[in-house]
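>>> here's my sequence, what's the structure:
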Amino acid sequence: MYEERKYRNLFKAANLEYFNVCVRETDLQIAAHSNLHDLALSLVRKYRLQLEVYIKLQPVFLTSLVPVSPLPGAPDIAISMCEAAKKAGVGPMAAVAGAISEAVGKELLKHSPEVIVENGGDIFIKTNSVRKIGIYAGLSPLSQKIAVEIEPGRTPVGICTSSGTVGHSLSFGKADAAVILARDAALADAAATALGNHVKCADDMERALEFAASIEGVEGALVIVGDRLAAWGDITLAKM
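Reported below is the predicted structural model:
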């Protein structure tokens, strides 16, 4: 069943064209210099099919909550997910949204100099101007008040969010938002899941950020629990 993602209406850049692509569980909002819907749809179908075929060969890839090694001949997107999961200590499907965002986004960059692909709070972005990525944190009073500011020179980059209080994604923590920045969007997604899993209450925020800092490739991290926020690394915050 489709669930309207109302937060998408809050943070739209005026100089880009936005469109949505939905294929079963994959629900992307994409911004580019022109409407590339048909191309993006074909790309989503391509990468979903690669994963669906691969999962039939390695069913544990779909269900494991711990890292697994890819089989010989695995598609690049599955390998990327396995590598990200290994670094973060989670199952490979924890990286699926970020991996699809990046795979689609990189191919769309052949047709648009700027691309933003958002997949349930997991974002791949390449921009030529400063952008603010708003943080949705459910019922937290900080929700929609704080943004991560992204400079063009650090893109393309992945910005991914996990939550124990918002949405249907599996989380073993209670963070309203656990955000990771990394050059690799699959890694950002997997690490955001792992970061969120480490936050059972606000007192866990500092230890959780220390854990995130230990993950190879993670450049910045942020956690919101209720009215409390903590951040680490190369991450610039701004008001919405």
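
>>> now do the helices in the chain.
37-57, 60-63, 76-88, 96-108, 185-197, 205-213 (DSSP state H).

>>> report the angle between the first one and helix 96-108.
Angle, helix 37-57 to helix 96-108, by axes from the mean of the first three to the mean of the last three CA atoms, to 10 degrees: 140 degrees.

>>> same question for stretch 84-103, mean pLDDT?
For stretch 84-103, the mean per-residue pLDDT is 98.

>>> returning to that earlier point: how about the helices of the chain in TSV, adding distance to residue 131?
For the C-beta atoms, the positions are set from N, CA and C on the backbone; glycine is no exception. Output for the helices of the chain, formatted as TSV (distance: least, CB to CB, whole Å):
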stretch	distance to residue 131
helix 37-57	19
helix 60-63	33
helix 76-88	23
helix 96-108	14
helix 185-197	15
helix 205-213	22
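
>>> and these, which is most packed in?
With neighbours defined as mean count of other CB atoms under 10 Å, the helices of the chain peak in mean count at helix 185-197, which reaches a mean of 33.

>>> next, the angle helix 96-108 makes with that one.
Using the same axes, to 10 degrees: helix 185-197 against helix 96-108 is 160 degrees.

>>> for helix 185-197, packing partners?
Under the contact criterion of 3 or more CB pairs under 8 Å, 6 or more residues apart in numbering; DSSP states H and E, helix 185-197 touches helix 76-88, helix 96-108, strand 122-126, strand 157-162, strand 177-182, helix 205-213, strand 218-225.

>>> so which of the ones you listed is nearest residue 193?
Closest to residue 193 of the helices and strands packed on helix 185-197, according to CB to CB: strand 157-162, at 4.8 Å.

>>> pairing partners for that closest one, with directions?
Strand partners for strand 157-162, identified by DSSP bridges, are recorded as strand 122-126 (antiparallel), strand 177-182 (antiparallel).

>>> now, of these, which is deepest in the fold?
Ranked by mean neighbours (mean count of other CB under 10 Å), those are led by strand 177-182, with a mean of 29.

>>> so how far is it from its chain's centroid?
8 Å (CA atoms, centre = their mean, to the nearest Å).

>>> just want the angle from it to strand 218-225.
Using the same axes, to 10 degrees: strand 177-182 against strand 218-225 is 170 degrees.

>>> give me the contacts around strand 177-182.
Here strand 177-182 makes contact (CB atoms under 8 Å, 6 or more residues apart in numbering) with 135-138, 140, 143, 148, 157-163, 166, 187-189, 191-193, 195-196, 199, 208, 212, 217-224, 233-235.

>>> are any of these buried, and which?
135-138, 140, 143, 148, 157-163, 166, 187-189, 191-193, 195-196, 199, 208, 212, 217-224, 235 (16 or more other CB atoms under 10 Å).

>>> pLDDT score assigned to residue 169?
At residue 169, pLDDT is 60.
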